[in-house]
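Trainee: Take a look and give me a structure for this.
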Amino acid sequence: MIGGGDQDKVGQGATDLPPVKPLAEFHDDPHYGGDLHRADLAWARHAADMGLSASEIRAAIMEARDLAKKGSIKRQREYAERTAGKAIRQAE
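Mentor: I've put the predicted structure just below:
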């Protein structure tokens, strides 16, 4: 039998939302047909819905894959910022 003190501990540490899915899961999803831009945006929207900030989303996109084909580091950051910003706006 569970005592009253033990019942108080049930669910501690649990959040209202499940954990954020890894960005790689979206990149590997056949739904996006290898279109990593679409996968990035879908993940960013998911992350925004889960409560991540634009800066957290931007950082994850920058770290998740090689963005060199986007151009300079400045252009890579702009891509990540645009994607994060769009996701945050859509989640509002």
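Trainee: C-alpha only now, for contacts and for neighbours.
Mentor: Will do.
Trainee: what does stretch 65-85 contact?
Mentor: 40-41, 44-45, 54-55, 57-59, 61-62 (CA atoms under 8 Å, 6 or more residues apart in numbering).
Trainee: From the chain's centroid, how far away is that stretch?
Mentor: 16 Å (CA atoms, centre = their mean, to the nearest Å).
Trainee: Show me which parts of that stretch are buried, residue by residue.
Mentor: 67, 76-77, 79-81, 83-85 (16 or more other CA atoms under 10 Å).
Trainee: returning to what we had before: most neighbours out of the contacts of stretch 65-85, which is it?
Mentor: A44 (30 neighbours; other CA atoms under 10 Å).
Trainee: contacting residues around that residue?
Mentor: If you count contacts by CA under 8 Å, 6+ apart, then A44 has 57, 83-84, 87-88 around it.
Trainee: could the buried residues of stretch 65-85 go into CSV alongside pLDDT?
Mentor: Rendered in CSV, the data for the buried residues of stretch 65-85 read as follows (pLDDT from 0 to 100):
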residue, pLDDT
L67, 95
Q76, 97
R77, 97
Y79, 98
A80, 98
E81, 98
T83, 98
A84, 98
G85, 98
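Trainee: could these go into JSON lines alongside secondary structure and distance to P18?
Mentor: Formatted as JSON lines, the entries for these read as follows, by DSSP: H, G, I helix; E, B strand; the rest coil; distance: CA to CA, whole Å:
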{"residue": "L67", "secondary structure": "coil", "distance to P18": "28"}
{"residue": "Q76", "secondary structure": "helix", "distance to P18": "29"}
{"residue": "R77", "secondary structure": "helix", "distance to P18": "28"}
{"residue": "Y79", "secondary structure": "helix", "distance to P18": "27"}
{"residue": "A80", "secondary structure": "helix", "distance to P18": "24"}
{"residue": "E81", "secondary structure": "helix", "distance to P18": "25"}
{"residue": "T83", "secondary structure": "helix", "distance to P18": "22"}
{"residue": "A84", "secondary structure": "helix", "distance to P18": "20"}
{"residue": "G85", "secondary structure": "helix", "distance to P18": "22"}
